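J.: Below is the structure, and that's it, no one-letter string:
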């Protein structure tokens with residue numbers, strides 16, 4: 001489990017001086033302006049650094065952390081982990097202080113989502129277990145009391161009345177109460193389902209296949225501010241986009257995923273960037289989010305390269321601070337060489353780099369290890385001096 005802080009390039013961030021010349025009335029006058037080391041020729045860029053002090057005490061992680069959800073309204077972070085005889089859900093503050101844990105009616109968590117309003121705090125979990133709680137989507141209050149079960153507990157299926165799931169991967173809940181579920185992490189179903197706040201099916205898209213609006217392991221889902229549903233179609237190595245009201249297919253991003261399909265998708269608070277996890281490549285992509293209209297092609301702005309075998313499964317983004325929380329399931333060994341890890345941004349805009357210094361490994365009570373790498377700031381350098389990690 002890792003958290004990345006967001007650092008926006010601007011006047012308050014390591015100021016440098018740049019002398020520009022403007023031609024006024026035929027004369028050349030020096031104009032002295034303040035710019036950050038991180039200067040973009042296209043738009044304001046964002047830097048992330050690993051917050052190695054989060055959480056305050058890492059020993060609470062006793063299993064494989066498969067998913068994470070941020071309750072930005074109440075500044076809480078929910079982490080779901082797998083393992084025998086361990087708490088399945090851990091609750092922290094956004095500052096990293098442990099609050100509580102619970103283990104009620106959770107078999108094998110896969111995805112988690114925090115949906116809170118001024119009147120209610122709720123936590124949703126997709127359960128892919130084979131036991132009596134599996135193949136369900138469940139709603140809890142913030143203390144772990146079970147409120148609602150969707151699906152048929154312990155029985156996988158394809159039915160719609162009653163609704164059945166087979167390895168439901170993840171969900172997204174809007175403020176209106178509408179629910180979007182991607183059902184089919186390698187199971188019978190490969191579909192996207194939209195439910196109303198009273199759990200009626202509004203529309204359904206998908207089946208197994210490679211054609212538009214079909215899926216091969218729909219693994220993550222999110223909704224943007226302009227009414228589009230984004231699905232990480234992991235097995236087909238693409239992201240598919242749908243109209244949230246009608247379910248109409250709007251397009252797909254294929255060109256960013258030649259090596260590995262996306263495993264997680266979440267938007268930054270301003271809606272301008274989409275954070276994408278690629279599990280087996282141990283990296284995060286930061287892509288430019290298209291405005292209203294044609295979704296266009298995938299355009300990667302930055303890449304965050306994690307340590308080798310630290311596999312980013314699912315993630316969430318704080319809508320208050322912009323921090324990225326990544327649930328990592330890899331690093332099952334006591335020592336490893338993570339290799340060079342730079343924050344990669346466009347060469348035309350890079351005037352500041354973040355260098356990986358060393359690896360912190362093996363906070364464990366079993367076969368799963370929590371592995372983190374530290375970041376340190378280095379001197380400003382020219383774009384040609386930057387290590388490119390492709």
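T.: Thanks, I have it. Every value quoted in this text rests on a predicted model; they were computed, and no experiment measured them. Numbers count the residues shown, from 1 in each chain.

J.: Tell me which helix or strand residue 138 sits in.
T.: strand 136-141 (DSSP states H and E).

J.: With residue 185 instead?
T.: Per DSSP H and E, there is no helix or strand for residue 185.

J.: now it: how far from residue 195?
T.: From residue 185 across to residue 195, the span is 18 Å (C-beta to C-beta, to the nearest Å). C-beta coordinates here come from the backbone N, C-alpha and C atoms, glycine included.

J.: How about residue 225?
T.: Distance check for residue 225 against residue 195: by C-beta to C-beta, it reads 21 Å.

J.: Compare neighbour counts for those two and give me the winner.
T.: Ranked by neighbour count (other C-beta atoms under 10 Å), residue 225 and residue 195 place residue 195 first, with 21 against 11.

J.: Return the per-residue confidence for the more buried one.
T.: Note for residue 195: predicted pLDDT of 98.

J.: repeat for the one 4 residues further on
T.: Residue 199 carries a pLDDT value of 96.

J.: Same check on residue 286?
T.: The model's pLDDT for residue 286 equals 95.

J.: what does residue 372 give?
T.: pLDDT at residue 372 comes out at 39.

J.: do the same with residue 364
T.: pLDDT, read off for residue 364, is 31.

J.: got it, and residue 341?
T.: Residue 341 carries a pLDDT value of 32.

J.: what's the distance between residue 119 and residue 175?
T.: For residue 119, the distance to residue 175 equals 11 Å [C-beta to C-beta].

J.: who's more crowded, those two?
T.: residue 175 (8 against 5).

J.: So the more buried one belongs to a helix, correct?
T.: No. Assigned with DSSP: H, G, I helix; E, B strand; the rest coil, residue 175 falls outside any helix and is coil.

J.: From residue 130, how far out is the closest residue in space to it that isn't next to it in sequence?
T.: Here the nearest residue to residue 175 in space, its sequence neighbours aside, is residue 117; by C-beta to C-beta, 6 or more residues apart in numbering that works out to 6.7 Å. For residue 117, the distance to residue 130 equals 34 Å [C-beta to C-beta].

J.: Go ahead and flag the most central residue of this protein.
T.: Centrality entry for the chain: nearest residue to the mean C-alpha point is residue 315, 2.8 Å, by C-alpha atoms, centre = their mean.

J.: partner strands of the strand holding residue 138, parallel or antiparallel?
T.: Applying DSSP bridges, strand 136-141 is found paired with strand 121-127 (antiparallel), strand 146-150 (antiparallel).

J.: can you list contacts of stretch 83-99?
T.: 3, 51, 53-57, 60-64, 70, 75-82, 100-103, 106, 109, 112, 123, 125, 140, 142, 144, 318, 320-321, 323, 366, 368 (C-beta atoms under 8 Å, 6 or more residues apart in numbering).

J.: what about 6 Å?
T.: Under the contact criterion C-beta atoms under 6 Å, 6 or more residues apart in numbering, stretch 83-99 has outside partners 54-56, 60, 62-63, 75, 77-80, 100-103, 106, 109.

J.: from the middle of its chain, how far away would it be?
T.: The chain centroid and the centroid of stretch 83-99 are separated by 18 Å under C-alpha atoms, centre = their mean, to the nearest Å.

J.: go on, stretch 256-263?
T.: Mean-position distance between stretch 256-263 and its chain equals 14 Å (C-alpha atoms, centre = their mean).

J.: same check, this time on stretch 254-273
T.: 9 Å.

J.: Can you list the buried residues in that stretch?
T.: Across stretch 254-273, burial judged by 16 or more other C-beta atoms under 10 Å covers 256-257, 260-268, 273.

J.: wait, is residue 213 part of a strand?
T.: No. If the criterion is three-state DSSP, then residue 213 is coil and not within a strand.

J.: Please name the residues that touch residue 314.
T.: 67, 264, 327 are the contacts of residue 314 under C-beta under 6 Å, 6+ apart.

J.: Cross those against helices and list the overlap.
T.: Of those, none are assigned to helices by DSSP state H.

J.: Could you export the residues you listed as CSV, including distance to residue 234 and pLDDT?
T.: Shown next, in CSV, are the contacts of residue 314 (distance: C-beta to C-beta, whole Å; pLDDT from 0 to 100):
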residue, distance to residue 234, pLDDT
67, 15, 95
264, 9, 98
327, 15, 92
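
J.: Would you format the residues you listed as CSV with distance to residue 190 included?
T.: Shown next, in CSV, are those (distance: C-beta to C-beta, whole Å):
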residue, distance to residue 190
67, 20
264, 17
327, 23
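
J.: and the residue nearest to residue 203 when sequence neighbours are not counted, how many residues sit next to it?
T.: Closest residue in space to residue 203, ignoring its immediate chain neighbours: residue 247 at 3.8 Å, by C-beta to C-beta, 6+ apart. Neighbour count for residue 247, taken as other C-beta under 10 Å: 17.

J.: Residue 247 and residue 201 touch, don't they?
T.: No. Here residue 247 does not reach residue 201: they are 10.8 Å apart, not a contact under C-beta atoms under 6 Å.

J.: and the end-to-end length of stretch 179-188?
T.: With C-alpha to C-alpha, to the nearest Å as the measure, the ends of stretch 179-188 fall 21 Å from one another.

J.: quick one: buried residues of that stretch?
T.: 179-185, 187-188.
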